[in-house]
Each structure stands twice: as structure tokens, then as C-alpha cells.
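Asks: Requesting a structural model of the entry that follows:
(one chain, ligands or ions: 1)
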Amino acid sequence: MLQRMEVFDGEKVIKEFEEMTKDAERVQMETLKKILEENGWAEYLQNLGLNGRTDPQSFKECVPLATHDDFEAYIQKIADGDSSPILTGKPIESMSLSSGTTKGRPKFIPFNDSLFETTMQIFQTSFAFRNKQVPLGNGKALQFVYSSKQFKTKGGLAAGAATTNVYRNPKFKTTMKAIQSQSCSPDEVIFGSDFHQSLYCHLLCGLISRDEIESVSSPFAHSIILPFKTFEQVWEELCTNIRDGVLSSWVTDPSIRAAMSKLLKPDPELADLIYEKCAGLSNWYGLIPELFPNAKYIYGIMTGSMEPYLMKLRHYAGHLPLISADYGASEGWIGVNVNPMLPPEMATFAVIPNIGYFEFIPLKANAQDQEQEGDGALVLQENKPVGLTEVKIGEEYEIVVTNVAGLYRYRLGDVVKVMGFHNATPELKFVCRSNLLLSINTDKITEKDLQLAVEAARNVLAAEKLELVEFTSHADITSEPGHYVIFLEISGEAKEEVLRECCNRLDKVFREAGSVSWRKGKATGALELRVVRKGTFHKIMEHSLSLGSAMSQYKTPRAVGSTNTAVLHILCSNVVNSYFSTAF
Ligand code: AMP
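Replies: Presented below is the predicted three-dimensional model:
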């Protein structure tokens with residue numbers, strides 16, 4: 001429940017959460033009832049014949065499981081300006097753009113005030129648990145947050161990244177004021193027109209307030225690392241700006257310049273101090289606590305596709321704890337990290353039972369079951385979804401969400417594992433995206449397989465003191481037979497034999513990952529490793545931002561489909577070396 005309070009009462013928030021999670025089944029039923037009462041007369045539900053019923057049984061009988069494709073026509077109608085009750089009782093007034101990294105184009109997701117309220121609720125709950133472990137004082141927060149450009153859909157609805165819809169809501173500031181340290185950056189920096197300029201000024205604001213900074217955060221681990229990688233390049237320029245009290249002239253956004261001029265005063269002492277700190281660091285290890293000596297933790301999503309960034313993040317973090325942020329999507333929040341001090345690799349998320357209605361499709365079928373059943377062809381068993389309190393510890397599920405903004409039995413596309421229960425609500429570990437990441441013939445390579453393969457290559461590189469900066473993959477079916485391609489960006493110059501070894505290791509993990517046709521000696525060619533020029537993945541990010549993604553929500557696509565021609569072109573035109581596996 002959202003608390004409307006000037007002074008945040010964390011104990012009360014935790015108490016309410018405990019009560020709610022003890023009664024998770026009943027709270028889920030009430031949540032579904034409320035959603036259906038508020039939206040039952042919307043076109044989508046009317047067509048399915050619910051006729052005012054709000055119980056889970058009728059809901060499951062009448063309403064089919066659906067994907068974004070099934071909602072697309074309805075969402076488009078709303079975006080085009082039809083304000084009749086289509087998906088929700090009250091008209092939808094804005095759209096979120098999900099990152100849509102796999103397909104290469106962002107998707108529209110309906111956003112409304114109720115979704116905003118659930119966002120504030122999870123922020124409060126999460127903060128209450130975090131603050132109990134590591135209380136913050138009256139200092140400031142260095143938050144690398146950016147607003148994407150908001151534009152209007154054909155029908156005049158505001159559209160932008162979900163984070164942008166949240167930051168731009170007038171109630172955001174008042175709610176957050178009570179629960180977090182004040183941001184060290186002025187709004188003009190957050191809402192700046194160019195993220196490079198905003199990022200630079202976030203750093204500058206952090207440095208000016210360096211002694212007051214208590215936490216360093218961004219929605220995702222990637223967006224925490226990026227500023228410090230940038231810092232490595234621009235630290236002397238930052239020192240000069242601080243010394244002279246003058247912002248670099250390439251920061252041209254007038255509102256940012258005006259806001260920064262109020263903060264920047266010539267401070268040679270601070271400039272000297274930062275200069276000395278930087279000169280004294282070896283390979284930037286422990287940069288964050290060195291710059292911000294009173295920081296207590298680093299906070300952001302560090303699980304799932306963010307795990308590959310942990311090594312780099314720990315390098316910058318030195319002794320500072322990394323706290324993994326909560327689990328959700330543009331489609332709605334799901335679970336809160338109630339054990340914030342666990343390392344990110346062990347982070348779980350306790351589902352908040354009143355934040356949406358959740359179902360779980362058991363994923364029991366393994367590659368062998370599939371092979372037997374399908375006579376060589378892959379047959380996926382579709383199991384019946386179970387309710388929130390019916391899930392079993394140790395099992396994996398695909399998560400299905402019914403939210404407060406017009407999505408009903410929506411397959412989010414994530415696989416989660418139940419690690420335990422917090423009272424009666426499950427604690428989930430994020431496993432991976434559920435759609436096959438890569439597939440040639442009947443092979444099945446998941447995001448998790450790819451991560452494991454890349455870890456094997458990372459170890460080979462690390463032994464040579466080389467850093468794997470970024471990676472992605474592609475199933476190339478233009479060759480005969482088709483084959484997998486892994487693109488790696490590496491810092492430093494790797495010797496040919498090292499790269500060949502990386503390539504063989506990647507292939508080995510792929511082949512062990514449960515590929516049906518390989519085991520039968522069929523049709524997939526040797527894996528290809530393509531090394532790309534430094535900065536290639538930065539170009540991909542810039543491309544994605546130009547399509548409307550927000551920096552704060554950006555995730556590197558881990559698989560690039562052949563229809564995503566723009567990103568494939570960036571990758572292929574930057575290849576410096578390529579190797580084929582000789583492992584098999
Ligand atoms: P988007 O709506 O584009 O920001 O992406 C939402 C997706 O990000 C989710 O469906 C997950 O796949 C991923 N995600 C969000 N939160 C987490 C988390 N805490 N751990 C791992 N993956 C996450």
C-alpha cells in the first residue's frame with residue numbers, strides 16, 4: 001500500500017508488507033477482483049464473456065493467455081486516439097516504450113496512474129528493507145537517471161520509456177522526497193535533451209557534492225558502469241571545470257548550462273584533490289569510494305542480463321556493497337528485494353501480492369522429453385499455469401501478468417525459479433528471457449547458455465589481462481549449414497591463439513547446452529567468433545536511443561535477429577577479425 005506521508009515510516013511499510021504476504025492468496029483474489037471490477041466493461045474483456053465475474057476460476061476459463069502480439073491491435077487503437085474503454089475502464093493517457101531489444105523495435109505498453117502508484121509502492125517497500133540494513137542520513141544520492149524524449153502518438157498520447165513516464169509524473173518527486181536522499185543533480189540534468197551532456201553533468205554534480213554522496217545508483221548495472229567508464233576518459237576535463245568553475249563549452253543544452261552555473265564555483269582545492277585521487281589509483285580499482293568517501297552502497301538491477309557487468313562493477317565499487325534492485329518491467333512490477341545485503345548472484349524477489357495478478361506456467365519439459373515426443377521435431381509441453389501460492393520451491397516457471405493497466409494473462413517472456421517463500425509469497429530468482437535466444441533447425445540456445453559460454457571466453461581473456469567489454473549473438477542461416485555467430489568487443493589486443501581458444505570454448509558450451517540436432521550429428525556449422533572494433537556496442541546503444549529507448553532502461557541485445565538489419569549492419573561493418581571453431 002502506498003504511503004502518503006511527509007516523513008517516511010519504514011517500519012510501518014515493512015509491517016504492512018509482512019501482513020499482506022502472509023495472506024498472499026486472499027490478497028491475490030482481491031487484486032484480481034479489483035482489476036476486473038474497474039475494467040470489466042472494457043472491449044477486450046467484454047468480448048471474452050466474463051459478464052461481470054471476477055473470480056480466478058472464471059477469469060482463467062474465459063481469458064486466454066496472450067502475448068504482446070495479441071494485444072497489439074488494441075494498443076494501436078488506443079495510441080491512435082480511440083478513448084473508448086478498449087483495455088481499461090478509464091482511458092489510457094500515456095504509453096511506455098519497452099526496450100524491445102530482441103526485435104529491434106520498441107513496443108508500446110499502456111501506462112496509467114494505477115501503474116504509477118504500484119511503482120511508488122515498490123520503491124517505498126524496497127527502500128524500507130534497504131534502509132533497515134543500511135540507514136542513510138541526510139546526504140545526497142548520485143543517481144544516473146535520464147529521461148528519454150517523450151513524443152506524442154498519432155492519437156496524441158504521451159509516449160516515452162516507462163522510467164520517463166514515472167520521472168515526469170508530478171507525484172514522483174513528492175513521494176520520493178520522503179524516501180530517498182535528495183538527488184545531487186538538478187532536474188535540468190535529468191531531463192536534458194542529450195544524454196551525453198546529462199551523464200557528464202551528473203558526474204560533475206556528484207563530484208561537487210562528493211562528501212555528501214551516500215548512494216550511487218541507476219536503474220541497471222550497465223548504466224552505473226557507463227558513467228565511470230566515461231569518467232576514465234574525461235576526468236581531467238571534469239577537474240578543469242571544477243577548478244575554473246566553468247562548464248565545458250560542448251555542453252550546449254541551455255537549461256543544463258543555466259542550472260549548472262548555479263552549482264559550479266571555482267574550487268581549485270577540490271580539483272586538486274580529485275586529480276590526486278585519480279593519479280593514485282591503479283587501473284581505476286575502487287574508483288567509486290575514492291571519489292565518494294561517504295557512499296554506503298551502489299544500487300541498481302544487477303541480475304539477469306546485467307550479471308555480465310558485475311565484474312566491472314565490483315572493480316569500480318572496491319569495498320562498497322552492491323545492492324540488487326527489484327524485479328519488474330514496463331508491463332508492471334513483480335517482486336521486491338527483501339534481503340538487500342545478499343550478493344547480486346543470490347538476489348531473489350518476493351512477489352508483492354497486491355501489485356498485479358500473477359500466474360506461473362511450469363517449465364518442466366527438458367530437451368530429452370521434447371525429443372522423444374516430437375520424433376526429432378521439438379515439441380514444447382504447454383503446462384497449465386498455477387497461482388502465486390501454488391508454485392513449488394526449486395521449479396522454474398514462465399511468468400504471466402495481469403496488471404492494472406489493461407494487460408490480462410500477459411506472458412511477460414521471463415523465466416523465474418522459485419527459491420523459497422517469504423511468508424506465503426514466493427521469492428523468485430530471475431533466470432532468463434523465455435523465448436529461445438538463438439535457434440538453428442531445432443537447436444535451443446537460451447540467454448543463460450550464452451552467458452555461460454561468454455563467461456568461459458571471459459576467463460580465457462582475463463588470464464591474458466584482457467577485458468571482455470560487451471557481447472551479442474546471431475544465428476546466421478544465410479550460410480549452409482547455418483551457424484552461430486558471437487560478436488565480442490574486447491579492450492586491448494588479443495593474440496590470435498587466445499581468440500581461437502575463446503572461439504573453441506564458446507562452441508563447447510553451446511554444444512553442451514542441449515542441442516538436439518547436434519547430438520544427432522545434423523546440420524549446424526562451426527561457431528564463428530567475430531571480434532568487433534572498440535566502440536561498436538556504444539554505436540548500437542546510440543542507435544537504440546535514437547529509436548526512443550531511454551538510457552536508464554537500455555539493455556544490450558544479447559541476440560540480434562536477421563530482421564534487425566540496422567544493428568546487424570553496425571556489427572558486421574565493424575568486424576576486425578573472425579575465427580571458426582575447430583573444437584569439433
Ligand atoms: P523493460 O520493460 O524494457 O525495461 O524490460 C523489462 C525486462 O527487464 C523484464 O521483463 C526482465 O527481463 C528484465 N528485468 C527487469 N528487472 C530485472 C531484474 N531485477 N533482474 C533481471 N532482469 C530484470
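
Asks: in the stretch 401-550 of the chain, which spans are strands?
Replies: Secondary structure of the stretch 401-550 of the chain, counting by DSSP state E, counting those that start in this stretch: strands at 410-422, 425-433, 467-476, 483-491, 528-532.

Asks: For the helix or strand hosting Asn241, list the C-alpha coordinates in CSV.
Replies: With elements delineated by DSSP states H and E, Asn241 resides in helix 221-244, which encompasses its position. Provided in CSV are the C-alpha atoms of helix 221-244 (Å, rounded to 0.1, in the frame of the first residue of the first chain):
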residue,chain,number,x,y,z
ALA,A,221,24.1,-2.1,-13.7
HIS,A,222,25.1,-1.1,-17.3
SER,A,223,24.0,2.5,-16.7
ILE,A,224,26.1,2.6,-13.5
ILE,A,225,29.2,1.4,-15.3
LEU,A,226,28.9,3.7,-18.3
PRO,A,227,29.5,6.9,-16.3
PHE,A,228,32.6,5.6,-14.7
LYS,A,229,34.0,4.3,-18.0
THR,A,230,33.3,7.8,-19.3
PHE,A,231,35.0,9.3,-16.2
GLU,A,232,38.2,7.4,-17.1
GLN,A,233,38.2,9.5,-20.3
VAL,A,234,37.0,12.8,-19.1
TRP,A,235,38.3,13.1,-15.5
GLU,A,236,40.9,15.8,-16.3
GLU,A,237,38.3,17.9,-18.1
LEU,A,238,36.0,17.5,-15.1
CYS,A,239,38.8,18.7,-12.8
THR,A,240,39.4,21.7,-15.1
ASN,A,241,35.6,22.6,-14.9
ILE,A,242,35.7,22.4,-11.1
ARG,A,243,39.0,24.4,-10.9
ASP,A,244,37.7,27.2,-13.1
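
Asks: average pLDDT for it?
Replies: In this model, helix 221-244 carries a mean pLDDT of 96.

Asks: Can you check what angle separates it from strand 483-491?
Replies: Taking axes from the mean of the first three to the mean of the last three Cα atoms, to 10 degrees, helix 221-244 and strand 483-491 form an angle of 20 degrees between their directions.

Asks: near the ligand at all, helix 221-244?
Replies: No: in this structure, helix 221-244 remains apart from the ligand according to Cβ under 6 Å from any ligand atom; the gap is never smaller than 9.7 Å. (Each C-beta comes from the backbone N, C-alpha and C, glycine too.)

Asks: Just give the closest residue to Val469, not the sequence neighbours.
Replies: Once its chain neighbours are removed from consideration, Val469 has its nearest residue in Glu489; the separation is 4.4 Å (Cβ to Cβ, 6 or more residues apart in numbering).

Asks: Tell me which residues touch that neighbour, please.
Replies: Leu468, Val469, Glu470, Phe471, Val531, Val532, Arg533, Lys534, Gly535, Thr536, Phe537 (Cβ atoms under 8 Å, 6 or more residues apart in numbering).

Asks: The fifth one contacts Ser578, correct?
Replies: Yes: taking contacts as Cβ atoms under 8 Å, Val531 lies within contact range of Ser578: 7.3 Å.

Asks: who has more neighbours, those two?
Replies: For Val531 and Ser578, the more surrounded residue by other Cβ atoms under 10 Å is Val531, and the numbers stand at 20 against 14.

Asks: Going through the contacts of Glu489, which ones are buried?
Replies: Under a neighbour-count criterion of 16 or more other Cβ atoms under 10 Å, the subset of the contacts of Glu489 counted as buried comprises Leu468, Val469, Glu470, Phe471, Val531, Val532, Thr536, Phe537.

Asks: where does Gln370 land on pLDDT?
Replies: For Gln370, the model assigns a pLDDT of 46.

Asks: near the ligand, which residues of the stretch 351-500 of the chain show up?
Replies: Taking Cβ under 6 Å from any ligand atom as the measure of proximity, the stretch 351-500 of the chain contacts the ligand at Leu412, Asp414, Phe430, Arg433.

Asks: again, 5 Å this time
Replies: Remark: the part of the stretch 351-500 of the chain in contact with the ligand comprises Asp414, Phe430, using Cβ under 5 Å from any ligand atom.

Asks: Where does the stretch 351-500 of the chain get nearest to the ligand, residue-wise?
Replies: Per Cβ to the nearest ligand atom, Phe430 is where the stretch 351-500 of the chain lies closest to the ligand, at 3.8 Å.

Asks: can you tell me which residues contact that residue?
Replies: Contact analysis of Phe430 by Cβ under 8 Å, 6+ apart lists Thr303, Gly304, Tyr327, Phe349, Asp414, Val416.

Asks: Many thanks, I have nothing further to ask.
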